[in-house]
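Undergrad: Could you work out the structure for the sequence below:
(one chain, ligands or ions: 1)
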Amino acid sequence: MSRTEALRRLYLLSWRLHRGPVAAYLALTVCDILATGAFALSLRELIQAALGKHLAPALYAAGGAALSWTVTIIGGAARGNVGNLLTEALSRELDVEILQLIGRFGELARTERPEHADRTAMVRGSGEVIAHGIWTLVDGAATIVRLVVVVGILILVAPVLLVLVVLLVPALLLPRRGQRRIRAAAVAGAQDVRLAGHLHTLLTDPAPNTEVRIAGAGPALHARAEQAWERVARRQASAQWAAAGIGASGWALFILGYTAAMLLIVHQVTTGRAQPGDVLLIATLAGTLRTQAEGAVRALHRTADGMSALDAYTWLHREAGATVTAVSPGRIPERLHRGIRLHRVSFDYGPGREVLREVDLTLPAGSTVAVVGEHGAGKTTLVKLLCKLYEPTGGTITVDEVPLAELSTGAWWQRTTASFQDFARFFFVARESVGVGDLAALDDDQRITRAVRDGDAEQVIAGLPDGLGTRLGRSFGGAELSRGQWQRIALSRAAMRVAPLLCVIDEPTASLDARSEYAVYQRQLTMAKSLAGTAGTVTVVVSHRFSTVRTADLIVVLGNGRIVEQGDHEQLMALGGTYAELYRLQAAAYLDDRSAVQ
Ligand SMILES: Nc1ncnc2c1ncn2[C@@H]1O[C@H](COP(=O)(O)OP(=O)(O)OP(=O)(O)O)[C@@H](O)[C@H]1O
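TA: Below you'll find the model as predicted:
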C-alpha cells in the first residue's frame, strides 16, 4: 500500500464513519477560504469609500468585513471541534486495525529483527498521530488555497508584490527539510527509545524489579536508561536546532522582500502613482499573507509527524499483507497417519548463529517424544520450528509427507497446542484465562472444566474465591497466583483444543515441586495417549528432568545443534552414552538429596 492509497483509504473510512461531520468540516473549510477573500476585498472597498467620503458604500463594506471576520472566527472554532471529533473517531479505528495487523505476523524470525521491532514500536498506538495528520493535511491544503486567494488580491493591487510570493517559496519549503532531519533523528533514536522502555520495565515491573533490587542493579540500570534518553535527546535537540536554523533562513528572505515592497509602495505614494489607502491595504494583506504562510508551515510540520506515522502504517500493511498472501496449497490432515518428519533441517538466528544443523528426525503419529539436552542445545528452537513460529533455513519439515511450509500458518496453529516456559499470564477471569486456548469454546464451561482437569489446575481453581469466575492478576484487583499456579493455568489453556495434531509442552514443570511435576507429567501422558487415539497427535515434551521423561516413546538428545542420541529409555541406557550418564547423575543427586533429608 502506497502513501496515496493509504490517504485515500483513510478519507473514505472517515466518510463512511461520520458523513455528517466530514461534510460539515469541508463546508466550514470552504466558508473560511471565501471569508478570507471577502475580508480583504471589503477592506479595500472600505478604505476607498472612506477616503472618498462615501458613507453608504463605506458602511456596506464595513458590514461585509465584519461578517467575513465573524465567519472566520466562529467557523474556525467550529471547524476545530468537528476536526477533533473526526480525529478521535479515526484514531480509535486505526489503533484497533494496527493491533490486528501486528497480530497477523506469523513467523517470529521476522518480528524479532531489531529494525522490524523499531518500526512496530513506532506504529503501535500511533492511530491518533495518523488521524491528526490526515485532517491537518486538509487544513494545510485549505491554508494554501487561502494563500492563493490573498496572493491574487495582492497582485491585483500591485503586481510588483509578486516578488513577495516568490520569496514565500523558500520560507515554506525550507522547514520541510528541517522536518526531514527531525524525522530521521526519530528513526535513528527508535532503538534507544525501546532500550530505555525496556530498562524502565526492569525498574518498575514488580517481577523483574525484585531481582533488580536484590542484585543492587537499580542505580546502574537507571544510569543506562538516562544515557539512552540522553542520546535520544541529543539527537533530537541537534535536529531541532538545525531545523530552526533552516526555517529562520527562509523567513529572513521573506522579511527582506517585505521591507523592500513596503518601501516601493511608499515611494509610489510619494510620487503620486499610488493611493495612501493602498499602503494600508498592502500592509494588512502582507500581514495576512505572512499569517497564512505561517499557518501553512505549521500545518506542514504537524502533517509531517502524521505522514511519518502513516509511512510506518503503510509498511505495516505491506508486511502483514506479505504474511497473509503467502501461498499455502497444502491441506491439513484430519488426523495424523504417519507423523511429522524433519529432513536435514537447519536453522540459524542470523549469519554465524546456526542453532540446528541438518537434523533428521521422525516423530511417529500418536507418539510422545521427549527432547532433552543441555542449556542452549536448541530444544526450544526445534519445537518452535514444529509450531511454524520460525521457518527452517535449510531442509524441510513434513506433516504426513506434506511440507509444513505449504500449510497455512493460521490453519496449522488451529491444530497445535503449545505451552512454553515463558508462558503468558492473562489477567482475565480464570474461565477466560483458560478458555482463550480455543476461542471458539470460550463459553463452553464443560470444555474449560475438562481443560482445567487436564492441566492439573483443579486445586488452583478450587482455591480461588469465585472459582472460574475469579479475576486473575493483582494489577487489575484480582487474585494473584504463584508461578507454579500460573503455569498450571497455562497447561490448562494448552489442553483446550479437542483434536490437535501437535501438542508441545516446553519445560512444563519448571516451576513445580517433584511430586507435582510427576503428577502433571502423568496427566499429560494420559492426555497424550487419548489424543493419539483421537487424532494421531504427536506430543513433544522438552524437559531437563530425565526421570520424568523416561516413559516417553522416543527420547531425543540434542547437543551442539545435532541429534546426539535417540531411542527409548531402555535403548539409551543400554547405549551408555550422554543420556545414560546424565540420567545416572540426576538419579544419584536425587538419592543424595533423599539420604541427606533422612
Ligand atoms: N530469538 C532468538 N534470537 C537469537 N538467538 C536465539 C533466540 N532464541 C534462542 N537463541 C539462541 O539459540 C540457541 C538455542 O536456544 P534454545 O532456546 O533453542 O535452547 P534450549 O535448548 O531450549 O535452551 P534451554 O534449555 O536453556 O531452554 C541459544 O544459543 C540461544 O542463544
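
Undergrad: going forward, measure contacts and count neighbours with C-alpha atoms only.
TA: Fine.

Undergrad: How many residues are close by whatever residue of the stretch 201-350 of the chain ends up closest to the ligand?
TA: As assessed by CA to the nearest ligand atom, the ligand sits closest to Tyr349 within the stretch 201-350 of the chain, at 4.8 Å. Neighbour count for Tyr349, taken as other CA atoms under 10 Å: 15.

Undergrad: That one and Thr381 touch, don't they?
TA: No: here Tyr349 does not reach Thr381: they are 9.6 Å apart, not a contact under CA atoms under 8 Å.

Undergrad: Please enumerate the shared neighbours of these two.
TA: Val355 (CA atoms under 8 Å, 6 or more residues apart in numbering).

Undergrad: How about the backbone phi and psi for Glu480?
TA: The phi/psi pair for Glu480 (degrees, to the nearest 10) reads phi -90, psi 140.

Undergrad: where's it relative to the ligand, distance?
TA: Using CA to the nearest ligand atom, to the nearest Å, we find Glu480 at a distance of 26 Å from the ligand.

Undergrad: I'd assumed Leu525 was in a helix, is it?
TA: Yes: secondary structure assignment (DSSP: H, G, I helix; E, B strand; the rest coil) places Leu525 inside a helix.

Undergrad: Just give me the neighbour total for the spatially closest residue to it that is not a sequence neighbour.
TA: Spatial nearest neighbour of Leu525, excluding adjacent residues (CA to CA, 6 or more residues apart in numbering): Thr368 at 7.7 Å. If you count neighbours by other CA under 10 Å, Thr368 ends up with 24.

Undergrad: so Thr368 makes contact with Val540?
TA: Yes: judged on CA under 8 Å, Thr368 makes contact with Val540 at a distance of 6.0 Å.

Undergrad: Now do the same for the residue nearest to Leu525: its pLDDT.
TA: On the pLDDT scale, Thr368 is placed at 92.

Undergrad: For it, give its distance to the ligand.
TA: 18 Å.

Undergrad: Kindly state the pLDDT recorded for Val324?
TA: Note for Val324: predicted pLDDT of 50.

Undergrad: whoops, His222 was the one
TA: pLDDT at His222 comes out at 87.

Undergrad: State the next helix or strand along the chain beyond the host helix or strand of it.
TA: Per DSSP states H and E: His222 is located in helix 218-270. Next helix or strand after helix 218-270 toward the C-terminus (DSSP H and E): helix 276-324.

Undergrad: Give me the phi and psi for Pro403.
TA: The phi and psi values for Pro403, taken as degrees, to the nearest 10, are phi -60, psi 130.

Undergrad: my read: it touches Glu391, true?
TA: No: counting by CA under 8 Å, Pro403 stays clear of Glu391, with 11.3 Å between them.

Undergrad: Regarding whichever residue of the stretch 451-598 of the chain sits closest to the ligand, what are the backbone dihedral angles?
TA: Using CA to the nearest ligand atom, His544 is the residue of the stretch 451-598 of the chain that sits closest to the ligand, at 7.1 Å. Dihedral angles phi and psi of His544 (degrees, to the nearest 10) take the values phi -100, psi -10.

Undergrad: contacting residues for the nearest residue to it once chain neighbours are set aside?
TA: Excluding its sequence neighbours, the residue lying closest to His544 (CA to CA, 6+ apart) is Val372, at 6.1 Å. By CA under 8 Å, 6+ apart, the contact list for Val372 reads 379, 542-544, 546, 555-558.

Undergrad: Report the lowest-confidence entry in these.
TA: Lowest pLDDT among those: Phe546, 76.

Undergrad: looking at it, that residue is touching Tyr583, isn't it?
TA: Yes: if you go by CA under 8 Å, Phe546 and Tyr583 touch, sitting 5.8 Å apart.

Undergrad: I'd like to know which elements the helix or strand hosting Leu491 is packed against.
TA: Using DSSP H and E, Leu491 sits within helix 483-494. With contacts defined as 3 or more CA pairs under 8 Å, 6 or more residues apart in numbering; DSSP states H and E, the packing partners of helix 483-494 are strand 416-419, helix 430-435, helix 445-454.

Undergrad: For the ligand, what's its nearest residue on the stretch 51-200 of the chain.
TA: The minimum distance from the stretch 51-200 of the chain to the ligand, using CA to the nearest ligand atom, falls at Glu112 (6.6 Å).

Undergrad: quick one: which of Pro403 and Glu391 has more around it?
TA: Using other CA under 10 Å as the criterion, Pro403 and Glu391 rank with Glu391 on top: 22 against 17.

Undergrad: Please identify the helix or strand for the more buried one.
TA: Applying DSSP H and E, one finds Glu391 in no helix or strand.

Undergrad: Dump the helices and strands packed on helix 483-494 to CSV, plus distance to the ligand, mean neighbour count and mean pLDDT.
TA: Below are those laid out as CSV (distance: least, CA to the nearest ligand atom, whole Å; neighbours: other CA atoms under 10 Å; pLDDT from 0 to 100):
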stretch, distance to the ligand, mean neighbour count, mean pLDDT
strand 416-419, 13, 23, 86
helix 430-435, 24, 25, 90
helix 445-454, 24, 20, 91
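
Undergrad: With respect to Gly63, which of these lies nearest?
TA: helix 430-435 (66.7 Å; CA to CA).

Undergrad: Just say helix, strand or coil for Gln421.
TA: coil.

Undergrad: Let's see the pLDDT reported for it.
TA: In this model, Gln421 is scored at 78, pLDDT.
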